[in-house]
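Q: I would like to see how this sequence folds:
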Amino acid sequence: MKFKDLSITFHTDKTEECVDFYRKYFQTKVAFDDGEWYVVIRLETETDTLPIYLSFQGDGKYYDREKFTGGITCCHQMQQSGVSFCEDITDHEWGDRAFSIKDPIGNILYIYSDRELHEKYKYAVKE
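A: Okay, here's the model as predicted:
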């Protein structure tokens, strides 16, 4: 499997503090901020061959942290392999088609591909 970018999401009630920390010490750029519950920052790399994004998801307005659930080419391969899905493949208004699985230690992997962003989220795109 080849990756175009790396995106890691943290569920936290300290979204603003995290974004401020990474902007201050790592000179990140905000790529998406809906002003309510979800912020994506981009870490700059030397070659920019593999963009790295950190996402901070807030108060559980859309997903209960304990019950977080969420086309991707590899989706069908994973379904056939028997991996347990937390979220079935779904198109989201915020501009992706995604599904979620858990790794052996409980980390939730949110696997997505870009889709058309709904008009109500276009203001949130910063980069």
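
Q: contacts and neighbour counts: CA atoms only from here.
A: Will do.

Q: how far away is I8 from I111?
A: Going from I8 to I111 by C-alpha to C-alpha, to the nearest Å gives 10 Å.

Q: of those two, which one has the most company?
A: I111 (19 against 13; other C-alpha atoms under 10 Å).

Q: and for the helix or strand bottoming out on mean pLDDT in the chain, what's in contact with it?
A: Least confident element among the helices and strands of the chain, by mean pLDDT, DSSP states H and E: helix 73-81 (a mean of 71). Helix 73-81 is contacted by residues 89, 99 when judged by C-alpha atoms under 8 Å, 6 or more residues apart in numbering.

Q: go on, stretch 118-127?
A: 29-35, 93-95.

Q: again, only using 6 Å
A: With contact meaning C-alpha atoms under 6 Å, 6 or more residues apart in numbering, stretch 118-127 is reached by 31-34, 93-94.

Q: could you dump those residues to TSV with secondary structure?
A: Below are the contacts of stretch 118-127 laid out as TSV (DSSP: H, G, I helix; E, B strand; the rest coil):
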residue	secondary structure
A31	strand
F32	strand
D33	strand
D34	coil
E93	coil
W94	coil
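
Q: distance from the chain centre to the longest helix seen in the chain, please.
A: Longest helix in the chain, counting residues (DSSP state H): helix 15-26. Distance of helix 15-26 from its chain centroid, counting by C-alpha atoms, centre = their mean, to the nearest Å, is 17 Å.

Q: what does stretch 98-112 give?
A: Taking the mean of its C-alpha atoms, stretch 98-112 sits 11 Å from the chain's own mean (C-alpha atoms, centre = their mean).
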